[in-house]
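**Student:** Have a look; sequence and predicted model below, questions after that.
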There are 2 protein chains.
Amino acid sequence: MKLNERGLLVVISGPSGVGKGTIREALFELPDNNFCYSVSMTTRKPREGEVDGEDYYFVSREEFERRIDENQFLEYAEFVGQYYGTPRDYIERKLNEGKEVIIEIEVQGALKVRERMPEAVFVFIVPPSRDVLFERLMNRGTEMTNDIKKRIEKAEREFHLAYKYDYIVVNDDVYNAADRIVAIIRAEHARTERSIHKYYEIMEGKEDVEEES
Amino acid sequence: MKLNERGLLVVISGPSGVGKGTIREALFELPDNNFCYSVSMTTRKPREGEVDGEDYYFVSREEFERRIDENQFLEYAEFVGQYYGTPRDYIERKLNEGKEVIIEIEVQGALKVRERMPEAVFVFIVPPSRDVLFERLMNRGTEMTNDIKKRIEKAEREFHLAYKYDYIVVNDDVYNAADRIVAIIRAEHARTERSIHKYYEIMEGKEDVEEES
């Protein structure tokens, strides 16, 4: 029996190179999962095979800017002249359906989401050692190009932002890390601030709760 | 890989009749668990077969009162002329060994532990419905004796104290409830306030962490 029936927004973040994407994929491969992706919105043109509403919501620049004005994004940013954003209404709908919505996002975006939706669960993925991360960022190359140097400096700044997150999960092994996130989701549903309202309703005899499937 | 290597003190509590004891037993039956009991101290005489240091630490009244003065108990109480208490040093030793120490305790005792050891994890066990609890308290009898009335009144007062706990776990099924507590323990180890210190050490290259067994 679940006291909190609303889904959780789970934000998976961390410096570039820690393996956020692989962990997210492992989560979606789990049997009987209740997860859904957040579909981003963008002003860039769809590529061959991309489906509107699945890969992205494709909208015009005017439409995107109207939505910015209407405060409809949990976060958005502009890259190479195109907007990318996380629309809030889709997420709210899925959460109300009881789905856990998983967002995988870079550190700055995650911190913007935190401002707008502090009740989400923020997970910072970290490498098992400093060397592992820097090797990944250097792409196993031996030459320290300017580009690689910049990526390392950015990772250095970002790994100090871990304290702004709720949980720190080490990506020592992708299945271990995914399992730990599943435990975090189960635990968060039982947290008093999420479950006490329903519990008091039950104990006042107002409601009986259905069995957890 | 575990960033927090110290064990957790897990306090399992809730009104009488919710099945705390059964859940604790189910936890200890789990394979490969890392749990240990907290051994209480008492001034009552050992019963046939009870082993000092296993069932209880049996001490004299003078010894117990000396320990009260030295602030050595996480909580203690007197029942029918005998002291019962939870000694802090044994728990600290086990936590330092990386064991999760499970205490199953009534509500008043749990709240005393919370004052002394706020970093512990406090889990409030609740029945799946009001009727289930009251049926258990009435012991399936039909007569409302004075004693049963008192127990129900006490449970009523206690179930309003759920907000003082970190988690609320429904005892719909004892194995479900135990699983949920296992998830809570895993998640708590990953909480930023417990794991960030070690993480910063790793990222400053001071330490490499061993694989989780």
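**Tutor:** Arrived safely, thanks for sending. Numbering: from 1, shown residues only, chains lettered A, B, ... in the order given.
**Student:** Which single helix of chain A contains the most residues?
**Tutor:** What stands out as the longest helix in chain A, according to DSSP state H, is helix A:174-190.
**Student:** quick one: the following helix or strand past it near chain B?
**Tutor:** Following helix A:174-190 in sequence order, the next helix or strand is helix A:192-203 (DSSP states H and E). Yes - with C-beta under 8 Å from any C-beta of the partner chain as the criterion, chain B is reached by helix A:192-203 at A:192, A:195-196, A:199-200, A:202-203. C-beta: built from backbone N, CA, C; applies to glycine.
**Student:** buried subset of those residues?
**Tutor:** Buried members of the residues of helix A:192-203 next to chain B, counted by 16 or more other C-beta atoms under 10 Å in any protein chain shown: A:192, A:195-196, A:199-200, A:202-203.
**Student:** Now distance to residue A:158 and pLDDT too, for those residues, in CSV please.
**Tutor:** Putting these into CSV (distance: C-beta to C-beta, whole Å; pLDDT from 0 to 100) gives the following:
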residue, distance to residue A:158, pLDDT
A:192, 31, 96
A:195, 33, 93
A:196, 35, 93
A:199, 38, 89
A:200, 41, 89
A:202, 43, 84
A:203, 44, 82
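**Student:** Let's have these in TSV, adding distance to residue B:154.
**Tutor:** Output for those, formatted as TSV (distance: C-beta to C-beta, whole Å):
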residue	distance to residue B:154
A:192	21
A:195	23
A:196	20
A:199	18
A:200	18
A:202	19
A:203	14
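**Student:** so what's residue A:78 closest to, chain neighbours aside?
**Tutor:** Nearest non-adjacent residue to residue A:78, counting by C-beta to C-beta, 6 or more residues apart in numbering or on different chains: residue A:84, 7.7 Å away.
**Student:** Please name the residues that touch that neighbour.
**Tutor:** By C-beta atoms under 8 Å, 6 or more residues apart in numbering or on different chains, the contact set of residue A:84 is A:40-42, A:44, A:76-78.
**Student:** can we see that at 10 Å?
**Tutor:** A:40-44, A:56, A:64, A:73, A:75-78, A:109 (C-beta atoms under 10 Å, 6 or more residues apart in numbering or on different chains).
**Student:** Among these, name the ones in strands.
**Tutor:** A:41-42, A:73, A:75-78 (DSSP state E).
**Student:** What subset of the residues you listed is buried?
**Tutor:** Looks like the ones in strands among the contacts of residue A:84 have A:41-42, A:73, A:75-76 buried, using 16+ other C-beta under 10 Å.
**Student:** with the residues you listed in mind, which one is nearest to residue A:183?
**Tutor:** Comparing those against residue A:183 with C-beta to C-beta places residue A:75 closest, at 26.4 Å.
**Student:** where's that closest one relative to chain B, distance?
**Tutor:** From residue A:75 across to chain B, the span is 21 Å (C-beta to the nearest C-beta, to the nearest Å).
**Student:** my guess is that residue contacts residue A:91, does it?
**Tutor:** No - in this structure residue A:75 lies outside contact range of residue A:91 using C-beta atoms under 10 Å: 11.3 Å.
**Student:** what's the overlap in contacts for those two?
**Tutor:** A:103, A:113, A:117.
**Student:** Rebuild those residues as TSV, extending it with secondary structure.
**Tutor:** Below are those laid out as TSV (DSSP: H, G, I helix; E, B strand; the rest coil):
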residue	secondary structure
A:103	strand
A:113	helix
A:117	coil
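**Student:** Closest one to residue B:32 out of these, please.
**Tutor:** Among those, residue A:103 lies closest to residue B:32 (C-beta to C-beta), at 33.1 Å.
**Student:** Any idea how many residues pack against residue A:177?
**Tutor:** Residue A:177 has 25 neighbours, counted by other C-beta atoms under 10 Å in any protein chain shown.
**Student:** ok, it - contacts?
**Tutor:** Residue A:177 is in contact with A:12, A:18-20, A:22-23, A:26-27, A:123, A:125-126, A:169-171, B:1, B:190, counting by C-beta under 10 Å, 6+ apart.
**Student:** Buried subset of those residues as a PyMOL selection?
**Tutor:** To isolate the buried ones among the contacts of residue A:177 in PyMOL, judged by 16+ other C-beta under 10 Å, type:
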select buried, (chain A and resi 12+18+19+20+23+26+27+123+125+126+169+170+171) or (chain B and resi 1+190)
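**Student:** Now, the contacts of residue A:177 that are in helices?
**Tutor:** Using DSSP H, the contacts of residue A:177 in helices are A:20, A:22-23, A:26-27, B:190.
**Student:** among those residues, which two are most distant?
**Tutor:** Spanning the widest gap among the ones in helices among the contacts of residue A:177 are A:22 and B:190, at 18.0 Å by C-beta to C-beta.
**Student:** what angle separates the longest helix of chain A from helix B:174-190?
**Tutor:** Note on geometry: by axes from the mean of the first three to the mean of the last three C-alpha atoms, to 10 degrees, helix A:174-190 and helix B:174-190 are set 110 degrees apart in direction.
**Student:** Render the CA-only coordinates of helix A:174-190 in PDB, please.
**Tutor:** The C-alpha coordinates for helix A:174-190 follow below in PDB (Å, rounded to 0.1, in the frame of the first residue of the first chain):
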ATOM      1  CA  VAL A 174      25.300   1.200 -13.900                       C
ATOM      2  CA  TYR A 175      23.000  -1.400 -12.500                       C
ATOM      3  CA  ASN A 176      24.000  -0.700  -8.900                       C
ATOM      4  CA  ALA A 177      23.400   3.000  -9.500                       C
ATOM      5  CA  ALA A 178      20.000   2.300 -11.100                       C
ATOM      6  CA  ASP A 179      19.000   0.000  -8.100                       C
ATOM      7  CA  ARG A 180      20.000   2.700  -5.700                       C
ATOM      8  CA  ILE A 181      17.800   5.200  -7.500                       C
ATOM      9  CA  VAL A 182      14.900   2.700  -7.300                       C
ATOM     10  CA  ALA A 183      15.400   2.500  -3.600                       C
ATOM     11  CA  ILE A 184      15.500   6.300  -3.300                       C
ATOM     12  CA  ILE A 185      12.200   6.500  -5.200                       C
ATOM     13  CA  ARG A 186      10.600   3.900  -2.900                       C
ATOM     14  CA  ALA A 187      11.900   5.600   0.200                       C
ATOM     15  CA  GLU A 188      10.800   9.100  -0.900                       C
ATOM     16  CA  HIS A 189       7.200   7.900  -1.300                       C
ATOM     17  CA  ALA A 190       7.300   6.900   2.300                       C
END
